[in-house]
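Trainee: Got a predicted structure here, sequence first:
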Amino acid sequence: QVQLVESGGGLVQAGGSLRLSCAASGRTFSSYVMGWFRQAPGKEREFVAAVSGSGGSTTYTDSVKGRFTITRDNAKNTMYLQMNSLKPEDTAVYYCATGRTPYSAKLRTYDYNYWGQGTQVTVSS
């Protein structure tokens, strides 16, 4: 059974930084694409960033490029999202996700089937 557990959310002032973590268990971590999504109040869930199984390929939504960095440590079965220069519009519940297809070249359009419970990020102005 695949399990994803996010941590690291919190309250931060605009311009500040946070690092989110996603701990995975239940299968071989390095074979699968991992991604971060977020959902703000009253809005649909949106893609934020994704990383290939090896960690060699990444992609970001335009609004976070240059501010957020996605990485993974396959030895620790953990994915990270370093968030810098945070803005109030980054306020949302952040979710990590993965899927059932190993060795996929798709990142943004990967079929994400497994989701964590989410961690709240609040950026005050």
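Mentor: Ah, there it is. Numbering: from 1, shown residues only.

Trainee: what about the residue nearest the centre of the chain, distance to K76?
Mentor: Centroid-nearest residue in the chain: W36, 2.3 Å away (criterion: C-alpha atoms, centre = their mean). Using C-beta to C-beta, to the nearest Å, W36 is found at 17 Å from K76. Glycine gets a C-beta too; all of them are placed from N, C-alpha and C.

Trainee: for Y112, same thing?
Mentor: From Y112 to K76 the distance is 21 Å (C-beta to C-beta).

Trainee: Looking at the two, which one has more neighbours?
Mentor: Legend: neighbour count by other C-beta atoms under 10 Å for Y112 and K76, higher for Y112 (18 against 12).

Trainee: How about the contacts made by the more buried one?
Mentor: Applying C-beta atoms under 8 Å, 6 or more residues apart in numbering to Y112 gives the contacts 35, 37, 97-99.

Trainee: Pull the distance from stretch 63-82 to the chain's centre.
Mentor: When distances are taken as C-alpha atoms, centre = their mean, to the nearest Å, stretch 63-82 is centred 7 Å away from the chain's centroid.

Trainee: Likewise for stretch 107-120?
Mentor: With C-alpha atoms, centre = their mean as the basis, stretch 107-120 stands 8 Å off its chain's centre.

Trainee: Cool, thanks, talk later.
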